[in-house]
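*Asks:* the following comprises the amino acid sequence and a computationally predicted model.
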Amino acid sequence: MKVATFNINNINRRLPNLLRWLHQAKPDAVALQELKSADADFPVDAIGKAGYGAVWRGQKTWNGVAILARKAEPVLIRTALPGDPDDHESRYIEAAVNGIVVTSLYLPNGNPQPGPKFDYKLDWFRRLRRHAAKFIKQDIPVVLAGDYNVAPTPLDIYPTRSWDKDALIQPTSRAAFGQLVAQGWCDAIRELHPEKPMFTFWDYKRNRWPRDAGLRLDHLLLSPALAPRLIKAGVDRKLRGEEGASDHAPAWIVLR
């Protein structure tokens, strides 16, 4: 079973790129982020013609998450992260696909920091940890997939000082990610590629794609019930170089 996460950065604008990738890579489950589409504008017909069922939670202009399943319909579990009924941003969705639980999460960016946006990021992380702990306790096979907006270690960002004040690499952001993993989650990409950068994001600015000035922001965390099934992991980097591409590339795993 192949599971991928992909920040599509506007699903309707990047739809041709997405459909080509689905045809070529044939992932069995896909977590999408940054749909930037209202619910009614989600391209469900085009995705259906490509052979995928879908569940989604859109939001006009910003955010938006979805889960796709190849030759199947994802079984929707929830469309919001528990813990804050006043949080109306479309950043979390959860569904069952082929016997496992798959999430698509779009963690807040947190910039500028310090400030309320960074506080929201850390609070969102706390809520995610509380929810994720329930999966561990119940021994459920889960892939916590999504754009975490954290480069967890110095290996996960190109050599530079230009991001030093950015929320993506702050010690508190990295600590929040580390606390989540410490519950027992397996960082699948890093597990199989312990010494390679494995970037998933290259900003459009400052020629960063041609310079390979990237960051690893998109992660697939596997619960202890699922981690033993991990056999392959990678990043489809070439998509970032396509015309009209997202600034992210899909990260993926294969489970036995």
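*Replies:* Looks like it arrived, so ask away. Keep in mind that this is a model prediction, so the values were computed, not measured.

*Asks:* CA atoms of the helix or strand containing Ala46 as PDB?
*Replies:* Using DSSP states H and E, Ala46 sits within helix 44-49. Taking Å, rounded to 0.1, in the frame of the first residue of the first chain, the C-alpha atoms of helix 44-49 are listed here in PDB:
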ATOM      1  CA  VAL A  44     -14.500  15.900  -7.400                       C
ATOM      2  CA  ASP A  45     -15.500  14.900 -11.000                       C
ATOM      3  CA  ALA A  46     -11.900  15.100 -12.400                       C
ATOM      4  CA  ILE A  47     -10.500  13.200  -9.500                       C
ATOM      5  CA  GLY A  48     -13.200  10.600  -9.800                       C
ATOM      6  CA  LYS A  49     -12.400  10.100 -13.500                       C
END
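
*Asks:* low-confidence ranges, this structure, go.
*Replies:* Within the chain, not a single segment meets pLDDT under 70.

*Asks:* just the strands from it, written as ranges.
*Replies:* Ranges of strands in the chain, per DSSP state E, are 2-7, 29-33, 52-57, 65-70, 75-78, 92-97, 100-106, 142-147, 186-187, 218-222, 230-235, 251-255.

*Asks:* who wins for proximity to Asp39 among these?
*Replies:* strand 52-57 (7.0 Å; Cβ to Cβ). From N, CA and C alone the C-beta is placed, and that goes for glycine too.

*Asks:* the closest one - which strands sit beside it in the sheet, and in what orientation?
*Replies:* strand 65-70 (antiparallel) (DSSP bridges).

*Asks:* re earlier: give the buried residues for the helix holding Ala46.
*Replies:* Val44, Ile47 (16 or more other Cβ atoms under 10 Å).

*Asks:* tell me which of the strands of the chain sits most buried.
*Replies:* strand 29-33 (a mean of 30; mean count of other Cβ atoms under 10 Å).

*Asks:* what residues are up against Lys117?
*Replies:* Pro108, Asn109, Gly110, Asn111, Ala167 (Cβ atoms under 8 Å, 6 or more residues apart in numbering).

*Asks:* again, 6 Å this time
*Replies:* Counting by Cβ atoms under 6 Å, 6 or more residues apart in numbering, Lys117 touches Gly110.

*Asks:* roughly how far does it sit from Gly110?
*Replies:* According to Cβ to Cβ, to the nearest Å, Lys117 and Gly110 sit 6 Å apart.

*Asks:* my guess is Met1 meets Ala29, correct?
*Replies:* No - Met1 is beyond contact range of Ala29, at 7.3 Å (criterion: Cβ atoms under 6 Å).
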